[in-house]
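Undergrad: Generate a structure from the sequence data that follows.
(chains A and B)
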Amino acid sequence: MRKTIPIPRKNNVPSVGDVLKGQGIPEAVTPDETTTRLAQQSISIYRDHSDPTGIIMEISKPDFTEVYRGEGKNEEETPLDKIYKASDSLALFAVTIGENVGAKISGLFHENEFALGSMLDSAASLGAEMAAQALEKFYAGYLKESGRFDSTVGVMQFSPGYCGWHMSGQKKLFQHLRPDEVGITLRESFLMQPLKSISGVIVVGAKEIFEFDDDFPFCSDCDTHSCRDRIEAVLNQ
Amino acid sequence: MDILQELSENLQRGNGDRVAELTQEAIDERLEPKKILDDGLIAGMAVIGERFKKHEIFLPEVLLAAKAMYAGMDLLKPLLIKEGIPTIGKVVIGTVQGDLHDIGKNLVAIMLKGAGFEVIDLGNDVPPERFIEVAEEEAAEVIGMSALLTTTMPVMKKVIDLAKERGIYGKTKIIVGGAPLSSAYAKEIGADAYCYDGLNAVDCVKGFVGVG
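TA: Model prediction:
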């Protein structure tokens, strides 16, 4: 299966709360009227300028082994290495919210609208993550239709550049997936363009395969340890 | 209330229109432009910086204050240039070659300008030689480099090696920043400091130029 997935704009809009969190404002803090208004404005601009789209392609384990090995720069042990080998289904994916939002962000900074530009940047990052989640949902739905997904099964995505999977892994990923079809390209430096794009693999399997501890050597460099929340979300799926 | 105090307080509230009005009033009252800058605008941004460090305010308020500061600076800058008043230091800043991420770099530039530095922003995807050329041309005290990808971080070492070849290493300080970086990495490549955000960059650079 290989499909391009247009993502309806109205379904891909972050909340004010999430944008404020992206600006470093804790949930316990009630922002002032100006800050809230800026967040709302940034979401409105994001909605008007975003063009979310994605592409997804199922891939066999042997083929993904080649993608995962990439340029040979992964960490020796990674969560994904064990997880994908125990998985039932795998799909490569890439999503973007398009170029226009990035251009708008730059424009706002040039106009000295720093706070609004920064808020829009947060909204755009969240939008890209939401688009990636949309592809996860699509894949889960696709597997359900063919009887390959039930309540015992979980879904999680992994991206090169995180959790020991080297960023250069995008090269083989792009060669297989060809996301240039939806306007996503990869530079020599492994930078994706448009900037607000995400690529990776969606892994589907028994929920327990996704449990791992954040005690790999590279975990000490991680600021977020977001894997904890992601694992909890999978176990509660 | 003293006009400069009022200027500082309106800057802290992010009231750019009032900051512009008060700056013009101060100029019309023949206050020294440097005094308006130091005791009005920079003083206001310094309070903002301290409140941010204490988590009393957050990024949006800091950036609104910065915008207000720029409104005042637009009026002061021509006068400061006319009087030949130097800034407290020059910083050449950019995102390294191969990388287009610039939000973090932009925030650092904004904060440095807010603290009274002249910032020469080279943009993104900047070749190593360009950092050195411009730093030499401008006699900059500091070079600041940003990278958001592990694959572009190594370019920072190229810039540092070039600085050594050209004999400006040590005299021109080098700061680095970006999500995948760390103090350990900065030390490994010979940078003078790793700065984790814009306000931290201000503290680092002030330390290098010997400003309180």
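Undergrad: Next, the buried residues of the longest helix anywhere in chain A.
TA: When chain A is parsed with DSSP state H, its longest helix is helix A:114-145. Residues of helix A:114-145 classed as buried by neighbour count (16 or more other C-beta atoms under 10 Å in any protein chain shown): A:114-136, A:138-140, A:142-143. For glycine as for every other residue, the C-beta is placed from the backbone atoms N, C-alpha and C.
Undergrad: Stretch A:230-237 now?
TA: For stretch A:230-237, burial by neighbour count (16+ other C-beta under 10 Å) applies to A:Ile231, A:Val234.
Undergrad: If you average the pLDDT over that stretch, what comes out?
TA: Per-residue pLDDT over stretch A:230-237 has a mean of 92.
Undergrad: Touching it from outside, list them.
TA: A:Gly154, A:Val155, A:Met156, A:Lys207, A:Phe210, A:Glu211, A:Phe212 (C-beta atoms under 8 Å, 6 or more residues apart in numbering or on different chains).
Undergrad: Among the residues you listed, name the ones in strands.
TA: A:Gly154, A:Val155, A:Met156 (DSSP state E).
Undergrad: List the contacts of A:Pro14.
TA: A:Pro14 touches A:Ile43, A:Tyr46, A:Ser122, A:Ala123, A:Leu126, A:Gly127, A:Met130, counting by C-beta under 8 Å, 6+ apart.
Undergrad: what's the closest of these to A:Gly107?
TA: A:Tyr46 (13.6 Å; C-beta to C-beta).
Undergrad: Just the element for the closest one, please.
TA: helix A:33-49 (DSSP states H and E).
Undergrad: Now that helix: buried residues?
TA: A:Thr35, A:Thr36, A:Leu38, A:Ala39, A:Gln41, A:Ser42, A:Ile43, A:Ile45, A:Tyr46, A:Arg47, A:His49.
Undergrad: Including pLDDT, could these go into TSV?
TA: Formatted as TSV, the buried residues of helix A:33-49 follow (pLDDT from 0 to 100):
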residue	pLDDT
A:Thr35	97
A:Thr36	97
A:Leu38	97
A:Ala39	98
A:Gln41	98
A:Ser42	98
A:Ile43	98
A:Ile45	98
A:Tyr46	98
A:Arg47	97
A:His49	97
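Undergrad: For the closest residue to B:Ala115 other than its chain neighbours, give me its contacts.
TA: Spatial nearest neighbour of B:Ala115, excluding adjacent residues (C-beta to C-beta, 6 or more residues apart in numbering or on different chains): B:Val202 at 4.6 Å. With contacts defined as C-beta under 8 Å, 6+ apart, B:Val202 is in contact with B:Gly49, B:Met111, B:Leu112, B:Gly114, B:Ala115.
Undergrad: hmm, back to that, Throw the contacts of A:Pro14 into a markdown table and include distance to A:Tyr68, thanks.
TA: A markdown table is the format used below for the contacts of A:Pro14 (distance: C-beta to C-beta, whole Å):
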| residue | distance to A:Tyr68 |
| --- | --- |
| A:Ile43 | 36 |
| A:Tyr46 | 33 |
| A:Ser122 | 31 |
| A:Ala123 | 32 |
| A:Leu126 | 27 |
| A:Gly127 | 27 |
| A:Met130 | 25 |
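Undergrad: and chain B, which residues reach chain A?
TA: B:14, B:58-61, B:63-64, B:66-67, B:70, B:97-103, B:106-107, B:110, B:149-152, B:179-180, B:182 (C-beta under 8 Å from any C-beta of the partner chain).
Undergrad: Looking at these, which are in helices?
TA: Among those, DSSP H puts B:Leu59, B:Pro60, B:Glu61, B:Leu63, B:Leu64, B:Ala66, B:Lys67, B:Tyr70, B:Ile103, B:Asn106, B:Leu107, B:Ile110 in helices.
Undergrad: Next, format the ones in strands among the contacts of stretch A:230-237 as TSV and append neighbour count.
TA: As requested, the ones in strands among the contacts of stretch A:230-237 are arranged in TSV below (neighbours: other C-beta atoms under 10 Å in any protein chain shown):
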residue	neighbour count
A:Gly154	23
A:Val155	22
A:Met156	24
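Undergrad: I'd like to know which of those is nearest to A:Asn11.
TA: Among the ones in strands among the contacts of stretch A:230-237, and counting by C-beta to C-beta, the member closest to A:Asn11 is A:Val155, at 18.1 Å.
Undergrad: Roughly how far does the closest one sit from A:Ser44?
TA: With distances taken as C-beta to C-beta, to the nearest Å, A:Val155 is found 31 Å from A:Ser44.
Undergrad: How many residues are close by B:Lys35?
TA: Neighbours of B:Lys35 under the rule other C-beta atoms under 10 Å in any protein chain shown: 11.
Undergrad: Helix or strand: which one has it?
TA: Going by DSSP H and E, B:Lys35 is in helix B:33-36.
Undergrad: Same question for A:Phe109.
TA: Counting by DSSP H and E, A:Phe109 is found in helix A:100-110.
Undergrad: still on that earlier bit, can you add pLDDT and distance to B:Glu83 and give the ones in strands among the contacts of stretch A:230-237 back as JSON lines?
TA: Output for the ones in strands among the contacts of stretch A:230-237, formatted as JSON lines (pLDDT from 0 to 100; distance: C-beta to C-beta, whole Å):
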{"residue": "A:Gly154", "pLDDT": "96", "distance to B:Glu83": "67"}
{"residue": "A:Val155", "pLDDT": "96", "distance to B:Glu83": "64"}
{"residue": "A:Met156", "pLDDT": "96", "distance to B:Glu83": "61"}
